[in-house]
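Trainee: Predicted model and sequence follow; I will ask about them next.
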Amino acid sequence: MKNQKPLNRRDFIKKSTTVAAAFTIVPRYVLGGTGYTAPSDKLNIACVGVGGKGYSDTHGVASENIVALCDVDELKAAKTFNDFPNANRYTDFRVLLEKEKGIDAVTVTTPDHNHAVVAMAAMDLGKHVYVQKPLTHTVYEARMLAKKAKEMNVVTQMGNQGHAGEGGRLINEWIWDGAIGDVTEVHVWTNRPVWPQGIGRPETLPSVPETLDWNQWLGPAKWRPYHPAYVPFAWRGWWDYGTGALGDMGAHLIDHPYWALKMEYPDTVQASSSSINDETYPHASMVTYEFPAREGMVPVKMVWYDGGLMPPRPKELEPGRKMGDGGGGVLFYGTEGKLMCSTYGNSPRIIPETAMQTYKRPKKSIPRSPGIREEWIQAIKGGPATTSHFEYASKLTETMLLGCIALRVKDNNMVLDWDGKKGQFTNHDEANAFIHKEYRDGWTL
């Protein structure tokens, strides 16, 4: 993973003369004891989207200076607003970025359809960016954010917290050690959706709550009247705003085979599902990807299941033992065994348990993470590079979104051929139409 650029002003501080420092700065240990962080060493962070998941993302970077908060829903954001009374408040992130000249970094925890426009605007100004998963709403957006991050040399991170966990690192180390031989198949499943899907657009026209800026919530999405069927949570199931179960949980579950098996672009993607419509994702689906050989690894098939569907139970799994956990799981099929983990990569085990007990684990070789947000903060300050940076996260997100596209085409269950270098399908023009979307007037990437 490539080194990322620390703050210029920190470089300036570090290069300040020793003599000047000796006369003007009291040693930190005198001021605050062991572990004390001087105010001058804290980042100035703005948080866009601070209700719901945004509450934990904002508090997750509260070791720094939270100088500005932005949310379109005053009611949902009230708790975070109250917790940071000194932060300036905004409803339009564009106004925030225009006025808050001194910010170093931005967190983005909005609905999926707004991720790219906020992150791009921040990076255009040279700000470091943390974006909640999935990185973007379209394949094109994912590629553009990765390109911009490289161009601006800013520190980036996607908020898939399982990527920072111990389980993911163990999975990598064991698979790279040859614990189950060559991995030829992976099966991934989730209990999502836990919101309505397979439904049509609501017909009623309720009033917009006074605490919600509906126009700003829509952002680049096409205009439609407000309805509580979209806000504050169920937007995930609508094509125009979310990425369904695959985009929501794939960033946690697919992440582990994607990382461990050094995947990049699939050659093909094929989807089958319950009935679909032009408004929402289906009740349940299966998506099959075929990846070519890469970096000494054999070709691998990966199958995704949601809506209550699950892969066949492996014969090695002991009677009464649960597959994964309540949220989902991953099964790796190798030429010399099988490995299973739960959601977020937790509790990885070779199955059956007798095989786990006899396996001689390799030494830990991957640096352990302080946390998904902590990685980002440390990297900005000149520490190790983040592990879910946009170069990685954009390709993981693209893989998930290719599955979403396969669900949308009229030829459901057709094998779509994907050219990863060109970023297009080679055998289906209709599918190519879903690589990006038309933004509403006044919005650009």
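Mentor: Good, I have the coordinates.
Trainee: contacts and neighbour counts: CA atoms only from here.
Mentor: OK.
Trainee: didn't residue 155 look like it was pressed against residue 126?
Mentor: No. Under the criterion of C-alpha atoms under 8 Å, residue 155 makes no contact with residue 126, lying 9.6 Å away.
Trainee: So for these two, which residue has more residues nearby?
Mentor: residue 155 (30 against 20; other C-alpha atoms under 10 Å).
Trainee: which ones are touching residue 251?
Mentor: The contact partners of residue 251, taken as C-alpha atoms under 8 Å, 6 or more residues apart in numbering, are 133, 134, 160, 396, 397, 400.
Trainee: what's the least confident helix or strand in this protein, going by average pLDDT?
Mentor: Lowest by mean pLDDT, DSSP states H and E among the helices and strands of the chain is helix 18-24, with a mean of 31.
Trainee: could you pull out the helices for the stretch 1-150 of the chain?
Mentor: Applying DSSP state H, counting those that start in this stretch to the stretch 1-150 of the chain gives helices spanning 8-14, 18-24, 28-32, 53-60, 74-83, 93-99, 115-124, 139-152.
Trainee: And those helices, which one averages the lowest pLDDT?
Mentor: Per-stretch mean pLDDT for those is lowest at helix 18-24 (a mean of 31).
Trainee: Spell out the residue ranges of the strands in the stretch 251-400 of the chain.
Mentor: 268-273, 285-291, 300-306, 328-334, 337-342, 349-351 (DSSP state E, counting those that start in this stretch).
Trainee: Turn those strands into CSV, including distance to residue 434, mean pLDDT and mean neighbour count.
Mentor: CSV is the format used below for those (distance: least, C-alpha to C-alpha, whole Å; pLDDT from 0 to 100; neighbours: other C-alpha atoms under 10 Å):
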stretch, distance to residue 434, mean pLDDT, mean neighbour count
strand 268-273, 14, 97, 22
strand 285-291, 17, 98, 21
strand 300-306, 20, 98, 22
strand 328-334, 28, 98, 24
strand 337-342, 31, 98, 23
strand 349-351, 38, 98, 21
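Trainee: Pull the contacting residues for the residue nearest to residue 162 when sequence neighbours are not counted.
Mentor: Distance criterion C-alpha to C-alpha, 6 or more residues apart in numbering; nearest residue to residue 162, sequence neighbours excluded, is residue 344 at 4.4 Å. By C-alpha under 8 Å, 6+ apart, the residues touching residue 344 are 161, 162, 163, 165, 167, 168, 252, 253.
Trainee: shouldn't the third one be in contact with residue 252?
Mentor: Which is residue 163. Yes. Between residue 163 and residue 252 a contact is recorded at 7.3 Å, counting by C-alpha under 8 Å.
Trainee: what sits in contact with each of these two?
Mentor: 344, 345.
Trainee: Those two: who's more crowded?
Mentor: residue 163 (24 against 21).
Trainee: Secondary structure class of that one, three-state.
Mentor: helix (DSSP: H, G, I helix; E, B strand; the rest coil).
Trainee: Check the one 5 residues further on too.
Mentor: Using three-state DSSP as the criterion, the local structure at residue 168 reads helix.
Trainee: cool, and residue 225?
Mentor: coil.
Trainee: State the number of residues packed around it.
Mentor: 14.
Trainee: Touching, it and residue 207? I think so.
Mentor: No. In this structure, residue 225 is not within contact of residue 207 by C-alpha under 8 Å, at 9.1 Å.
Trainee: among the contacts of residue 251, who's most crowded?
Mentor: residue 134 (31 neighbours).
Trainee: what does the model give that residue for pLDDT?
Mentor: Looking at residue 134, the pLDDT reads 98.
Trainee: sorry, back to before: reformat the helices of the stretch 1-150 of the chain as CSV; add distance to residue 442.
Mentor: Shown next, in CSV, are the helices of the stretch 1-150 of the chain (distance: least, C-alpha to C-alpha, whole Å):
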stretch, distance to residue 442
helix 8-14, 33
helix 18-24, 49
helix 28-32, 48
helix 53-60, 26
helix 74-83, 24
helix 93-99, 12
helix 115-124, 12
helix 139-152, 17
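Trainee: Out of those, indicate the one that is most buried.
Mentor: Most buried of the helices of the stretch 1-150 of the chain, by mean neighbour count (mean count of other C-alpha atoms under 10 Å): helix 115-124, with a mean of 21.
Trainee: who's in contact with that helix?
Mentor: Contacts of helix 115-124 (C-alpha under 8 Å, 6+ apart): 93-94, 97, 106, 108-109, 128-129, 131-132, 135-137, 141-142, 145, 148-149, 152, 154, 220, 444-445.
Trainee: Show me how this protein divides into domains.
Mentor: 8-160+376-388, 163-199+211-363+395-432 (automatic domain parsing).
Trainee: starting at the chain centroid, how far to the first one?
Mentor: How far domain 8-160+376-388 lies from its chain's middle: 16 Å, per C-alpha atoms, centre = their mean, to the nearest Å.
Trainee: correct me, but residue 256 touches residue 168?
Mentor: Yes. With contact taken as C-alpha under 8 Å, residue 256 and residue 168 are classed as touching, separated by 6.0 Å.
Trainee: what touches both of those two?
Mentor: With C-alpha under 8 Å, 6+ apart as the test, residue 256 and residue 168 both reach residue 345.
Trainee: In terms of neighbours, single out the busier of those two.
Mentor: Higher neighbour count among residue 256 and residue 168: residue 256, with 25 against 22, using other C-alpha under 10 Å.
Trainee: and that one, what is it in contact with?
Mentor: Contacts of residue 256 (C-alpha under 8 Å, 6+ apart): 163, 168, 171, 172, 345.
Trainee: Kindly recompute the last result at 7 Å.
Mentor: 168, 345 (C-alpha atoms under 7 Å, 6 or more residues apart in numbering).
Trainee: Same check on residue 338?
Mentor: Counting by C-alpha under 7 Å, 6+ apart, residue 338 has contacts 180, 331, 332, 350, 351.
Trainee: ok, 6 Å please
Mentor: When contacts are counted by C-alpha atoms under 6 Å, 6 or more residues apart in numbering, residue 338 is found next to 180, 332, 350, 351.
Trainee: Look at the first one and report its pLDDT.
Mentor: Residue 180 is assigned a predicted lDDT (pLDDT) of 98.
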